[in-house]
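>>> Task: produce atomic coordinates for the following.
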Amino acid sequence: MLPGRDEPASPGTRLKRRSFATTHWSVVLATRDREPDRARQALERLCATYWYPVYACVRRFGRDHAEAEDITQGFFERILSRQAFQQLEPAKTRLRSFLWIALRNYLVDVHDHQHRQKRAGNIRPLSLDALSARHRYQCDPVERWTPEQLFERRWALALIDAALARLKTETTATRHGHLFSELEGYILGDKDGQTYAELAQRLGMSPGSVRVTVLRLRRRFAQLCGQEVAHTVDDPAEIEDELNHLLRVLGQ
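Just a heads-up that it's a prediction; the model follows:
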């Protein structure tokens, strides 16, 4: 079950527009000149979620793990500098598009002797999980995709991971964390051949209650996916198009 098929990805237009001003990417674009520190904090939160697509893309360009890790760190140091987001073009307002174009430009500027060069300055580096990156990349069938396709695919999966993590946190907060672990596969449409009746028997619930619980979790998951997309675009009208694009990417 993928988000956005049965339920809208976000609430009504009025609600979206009322709350949209607080999303991370809109904060970057709205405050980059008059409040650069706040803008940088918002961008840093986004980069902390979406750094792996950049790392995977650099690997797909032929760099090994150590090179890719160094390039990724250097790239985000540039992105998180004030100059990077102060020069954004209004037409390029989606974070995904901005990072892809910025990464291509950065790779053009990178030379082999700079890869391991000690970086200086006052930019705080972004925390990267190097061990996780290496393992995740080894598990990716990267030969199937171009660097851009891999970037977009990992971007979409990072969005889904973020939405699932939020759903798990919410479910655990209501003391139903065990239900999330049991029903996570049903939320995504991967049931492992297990029927609702079998699952209900194990959980001590009726099949009808299991179905209702799965439906509620799917609805909330779709809403959270919409919210995650909203963090990466500048206009709430772009949320549906961006979500549909990422679904097509995953469908490939």
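
>>> Next secondary structure after the longest helix belonging to the chain?
Determined from DSSP state H, the single longest helix within the chain is helix 147-173. Sequence-wise, the next helix or strand downstream of helix 147-173 (DSSP states H and E) is helix 177-188.

>>> Over to the residue lying closest to residue 71 once chain neighbours are set aside. Which of the three states is it?
Leaving aside its sequence neighbours, residue 71 sits nearest to residue 58 (CB to CB, 6 or more residues apart in numbering; 5.1 Å). No exception for glycine: its C-beta is placed from N, CA and C like everyone else's. Three-state call for residue 58 (DSSP: H, G, I helix; E, B strand; the rest coil): helix.

>>> Count the residues that sit near residue 58.
Residues lying near residue 58 (other CB atoms under 10 Å) number 26.

>>> Identify the residues contacting residue 153.
145, 249-250, 252 (CB atoms under 8 Å, 6 or more residues apart in numbering).

>>> Separate out the buried members of these.
Among the contacts of residue 153, those classed as buried by 16 or more other CB atoms under 10 Å are 145, 249.

>>> Residue 174 and residue 25: what is the separation?
Between residue 174 and residue 25 the distance is 30 Å, computed by CB to CB, to the nearest Å.

>>> So for these two, which sits in the more crowded spot?
Taking neighbours as other CB under 10 Å, residue 174 and residue 25 compare with residue 25 leading, 23 against 9.

>>> Kindly state the pLDDT recorded for residue 2?
pLDDT for residue 2: 43.

>>> Now do the contacts for residue 106.
Here residue 106 is in contact with 71, 74-75, 78 (CB under 8 Å, 6+ apart).

>>> and if we set it to 6 Å?
residue 75 (CB atoms under 6 Å, 6 or more residues apart in numbering).

>>> Which strand or helix spans it?
Here residue 106 is assigned to helix 95-109, by DSSP H and E.

>>> Tell me how far that helix lies from the chain's centre.
Computed by CA atoms, centre = their mean, to the nearest Å, the chain-centroid distance of helix 95-109 equals 17 Å.
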